[in-house]
Every structure is written in C-alpha cells, then in structure tokens.
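Participant: mind folding the following:
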Amino acid sequence: MRKVPLITASLLMLCIPLLACNGGGESPLKAKEATSRTLQPADPELAGIYNRSCRSCHTVAATRSPLTGDTAAWAIRKQKGMDVLVNNVVRGIGGMPPYGLCMDCDADQFEALIEFMATGPATP
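Facilitator: Sure, this is the predicted structure:
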C-alpha cells in the first residue's frame, strides 16, 4: 500500500470541508434570481402588467428567460434592437408565448417592460 505524505494528508483534511460547503455562499445565478424577485416597475400600470404577464418567467432561472435586472443577459438581446425585441414578444420566441401573455398590451408597453427588465430600475 502506498503511503500519503503527512503534509499532503493534512492539506486534504483542510481543503475537503471547504469544498463541501462551497464557502457557505449561494450561486451567482441564485443571487440574480433572488434580486430579480425584488424588482418592480415604478409605474403602477406597468407594474400590474409585469406582475401578471412577465414576472412568472423572468424571475425564475429555470425558465431560461433573461432575469429581470440581469443587465448582462439583456445586453446581448438589446444588441438586436428594440424593434426586434418587441417583435419577438409579439410573435413569441423560445418558450415565450405570443404577446408574452399580455394580449391587450401595445408596442409601447412591451418596449417599456423590456426596458425595465433590461435595466431593473427597482422600487422594492
């Protein structure tokens, strides 16, 4: 049987508990998800639309939709231009149904909702 040098064994004994607990912190994705759940549009009408039509997907990482306030995820999408993003909402894209579950929203409201989710001007 091969013997492990004492110093190597000691280092392993110190490192294994640190690896197991992951430093006690939460993952960056879980932190973004938690933050997204605290964000609300300042405008009450827009907040109502957001809460009934957008929030259920854009605050849950498992949906794979860009999280509200995740500026990095939204920056990639914003490069396509607002007209493309609004058109994606209207037609539906990926797992998002047409009109993003807001059949009575107009293009200006979609644009405002996208802008809010992309920048996350919060009023927790």
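Participant: any idea how far Val90 is from Ala42?
Facilitator: Relative to Val90, Ala42 is positioned 25 Å away (Cβ to Cβ, to the nearest Å). In short, each C-beta sits where N, CA and C put it, glycine included.
Participant: and those two? Which one has more around it.
Facilitator: Val90 (14 against 10; other Cβ atoms under 10 Å).
Participant: per-residue confidence at the more buried one?
Facilitator: We note a pLDDT of 97 for Val90 in this prediction.
Participant: which secondary structure elements does the helix or strand that it is a member of sit against?
Facilitator: Secondary structure from DSSP states H and E places Val90 in helix 82-91. On a contact count with 3 or more Cβ pairs under 8 Å, 6 or more residues apart in numbering; DSSP states H and E, helix 82-91 meets helix 107-119.
Participant: what is the helix it packs on packed up against?
Facilitator: Helices and strands touching helix 107-119, as assessed by 3+ Cβ pairs under 8 Å, 6+ apart, comprise helix 44-49, helix 71-78, helix 82-91.
Participant: now do it and helix 71-78, the angle between them.
Facilitator: Put simply, helix 107-119 runs at 140 degrees to helix 71-78, going by axes from the mean of the first three to the mean of the last three Cα atoms, to 10 degrees.
Participant: contact partners of helix 107-119?
Facilitator: With contacts defined as Cβ atoms under 8 Å, 6 or more residues apart in numbering, helix 107-119 is touched by 39, 41, 43, 46, 49-50, 54, 58, 66, 68-69, 71, 74-75, 77-78, 82, 85-86, 89-90, 100, 102, 105.
Participant: hang on, the earlier thing: out of the helices and strands packed on helix 107-119, nearest to Gly120?
Facilitator: Taking Cβ to Cβ as the criterion, Gly120 comes closest to helix 71-78 out of these, the separation being 7.2 Å.
Participant: report the distance from the closest one to the chain centre.
Facilitator: 11 Å (Cα atoms, centre = their mean, to the nearest Å).
Participant: would you say Thr35 is within a strand?
Facilitator: No. With DSSP: H, G, I helix; E, B strand; the rest coil as the criterion, Thr35 is helix rather than part of a strand.
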